[in-house]
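Engineer: structure for this input, please:
(chains A and B)
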Amino acid sequence: MCLLATLRWELGASAATNLPPCCRKPLTVAPFTDQSLFQLDSTWTSDVGREVKLGVFQGRAQVVGLFFTQCEYACPIIVHDMQRLQAALPESIRDRVDFLLISFDTERDTPAALAAYRQTHQLGADHWTLLRGPADDVRELAALLGINYQKDARGQFAHSNVITILNANGEVIRQQVGLNTEPQESVKALVQALAAVPAPPPVVARP
Amino acid sequence: MNPKPHHPVARTTTPRLLWGWLGVWLWVGCLGAGATPTNSIPAGKILVPAGVYRPLFRGPDELKEVPVNAFILDAAPVTQGEFLEFVRAIPRWQRSQVKRLFADSSYLAQWAGDTELGPDAAALAAQPVVNVSWFAAKAFAAWRGQRLPTTAEWELAAGTGFSRLEGITEPEYRRSLARWYGSPTPAVLPAAKSGVPNLHGLYNLHGLVWEWTSDFNSALITGDARGDTGIERSLFCGAGSLGASDRSNYPAFMRFGLRSSLKAAYTVHNLGFRCAQDLPAPKLAENSPQP
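Structural biologist: Below is the predicted model of the structure:
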């Protein structure tokens, strides 16, 4: 079972089309766990214009950051911290970890703006997904991640600086708090989460 | 175009001034709010005229005065009985079925079962519902075709006195606030819609239970002074040089502290909610197409 799962992982990764992780076929179709963020019903739009639910990430570990493209101070550091984390991943799991950026700025961060950001910051389509969504859904996701934010008079967002790590079931396994944080602990958490064999999906699907 | 500020906390005075004026303009506008179609407000709901919310804490770039549009707020918090109807209609919000992601383990702990209030059902049904998470409150409001009020809306409504718009200038209002915020939650809660309504006709904004707001997670600093150093600074972008607008408003400090300590799945024995909604669009097109 484990072998099969690994095989499918590699197939997923090697099918390196130009589509970001959000927009490929989901790897596993196991039912969502109680604590899974992947069960959210909200619909998001990716920088390639496709509408997706977070459930598409089922089966892939995600490193999640909330940001906005016109952020002057913290977000470039958050994105940089995520890139450092990606670079620090051991070879064995590098292909099994995706990176997900979701924007606070529901007005200005159009798919085109996100696509431009991907270009500027060289966020490879092999592992990086950029999403935007309705204000209510961003508020809900932020609430789930324990991220507080507020739009200020200049249209900037003051926000918590938190990078969240989800295991392949969409459960929060670690939060990296603050800026310029060393990635070692997060790498460790990911290695552990991915080493622990994901439980095979129950045969009987829940209603 | 001005040169770009080096740092996000650089002050921009002009937009703030503009916002300030806008706020004053809206506030003055609300004084003559007789033009709003009050007769179309359904029973049990109250029109809260437009006004200005002055946040207790704010960052250097945050508004000192937040203009709030007129909106409709339920006269009383949602009761246990009303919430029971909701979980009967939408079983996934029943105690045994709710996902832990959306409500912690004390969700509706005061009930005898999934759809049973228990031996004191009649009394309990009239009390405000508590032990509900933000997700559950939001789902209830959506089920009703309503929404949760924003913090600005809630605070604007709650700042209204018994006889004056600016409650804080009214001795009786201040006394009643001090009485409640200074005493523990009684073991048995009084019924919702008990006590004296405020000037608008809203009950229990103070004195019964705390209430969820839609953007409770917009507070960027904790009310706890110990939390505002070191780690918290690195946790929050733009949290420098903050000051409270009115240090004497103790209840507002308490509400601020509560909101900043909550997480969306938390359920608390004295935290409930009430629903809000936008004003209905005017039926006949008038001079302006503004809704």
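Engineer: which stretches in the stretch 1-150 of chain B count as strands?
Structural biologist: B:45-48, B:51-53, B:57-58, B:66-68, B:71-74 (DSSP state E, counting those that start in this stretch).
Engineer: now those strands as JSON lines including distance to chain A and mean neighbour count?
Structural biologist: Any C-beta I mention is one placed from the backbone N, CA and C, and that applies to glycine too. JSON lines is the format used below for these (distance: least, Cβ to the nearest Cβ, whole Å; neighbours: other Cβ atoms under 10 Å in any protein chain shown):
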{"stretch": "strand B:45-48", "distance to chain A": "21", "mean neighbour count": "20"}
{"stretch": "strand B:51-53", "distance to chain A": "13", "mean neighbour count": "23"}
{"stretch": "strand B:57-58", "distance to chain A": "9", "mean neighbour count": "21"}
{"stretch": "strand B:66-68", "distance to chain A": "10", "mean neighbour count": "22"}
{"stretch": "strand B:71-74", "distance to chain A": "16", "mean neighbour count": "22"}
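Engineer: turn the ones you listed into a markdown table, including mean pLDDT.
Structural biologist: Output for those, formatted as a markdown table (pLDDT from 0 to 100):
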| stretch | mean pLDDT |
| --- | --- |
| strand B:45-48 | 96 |
| strand B:51-53 | 92 |
| strand B:57-58 | 64 |
| strand B:66-68 | 91 |
| strand B:71-74 | 98 |
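Engineer: can you get me a residue count around A:Phe38?
Structural biologist: A:Phe38 has 22 neighbouring residues, counting by other Cβ atoms under 10 Å in any protein chain shown.
Engineer: is it true that it touches A:Asn169?
Structural biologist: Yes. Taking contacts as Cβ atoms under 8 Å, A:Phe38 lies within contact range of A:Asn169: 7.3 Å.
Engineer: anything in contact with each of the two?
Structural biologist: The contact sets of A:Phe38 and A:Asn169 overlap at A:32, A:58 (Cβ atoms under 8 Å, 6 or more residues apart in numbering or on different chains).
Engineer: may I see the buried residues of stretch A:163-180?
Structural biologist: Neighbour-count burial for stretch A:163-180, counted by 16 or more other Cβ atoms under 10 Å in any protein chain shown, picks out A:163-179.
Engineer: quote the end-to-end distance of that stretch.
Structural biologist: Using Cα to Cα, to the nearest Å, the end-to-end distance of stretch A:163-180 comes out at 11 Å.
Engineer: helices of the chain, start to end?
Structural biologist: I went with chain A, as the question did not name one. Using DSSP state H, the helices of chain A run over A:2-14, A:74-88, A:91-94, A:111-120, A:135-145, A:184-195.
Engineer: my bad, chain B
Structural biologist: For chain B, the helices defined by DSSP H cover B:13-31, B:80-89, B:121-126, B:134-143, B:151-158, B:171-181, B:231-235, B:250-261.
Engineer: looking at those helices, which has the lowest confidence?
Structural biologist: Across those, helix B:231-235 has the smallest mean pLDDT, namely a mean of 40.
Engineer: quick check: the residue positioned nearest the centre of chain B vs B:Thr79, distance?
Structural biologist: Central residue of chain B (Cα atoms, centre = their mean): B:Trp154, 3.5 Å from the mean position. Note on B:Trp154: its distance to B:Thr79, by Cβ to Cβ, to the nearest Å, is 18 Å.
Engineer: and what of B:Ala136?
Structural biologist: Counting by Cβ to Cβ - B:Ala136 and B:Thr79 are separated by 14 Å.
Engineer: also B:Ala139?
Structural biologist: Distance from B:Ala139 to B:Thr79, by Cβ to Cβ: 16 Å.
Engineer: ok, A:Gln192 next?
Structural biologist: Counting by Cβ to Cβ - A:Gln192 and B:Thr79 are separated by 46 Å.
Engineer: with that, I have no additional questions.
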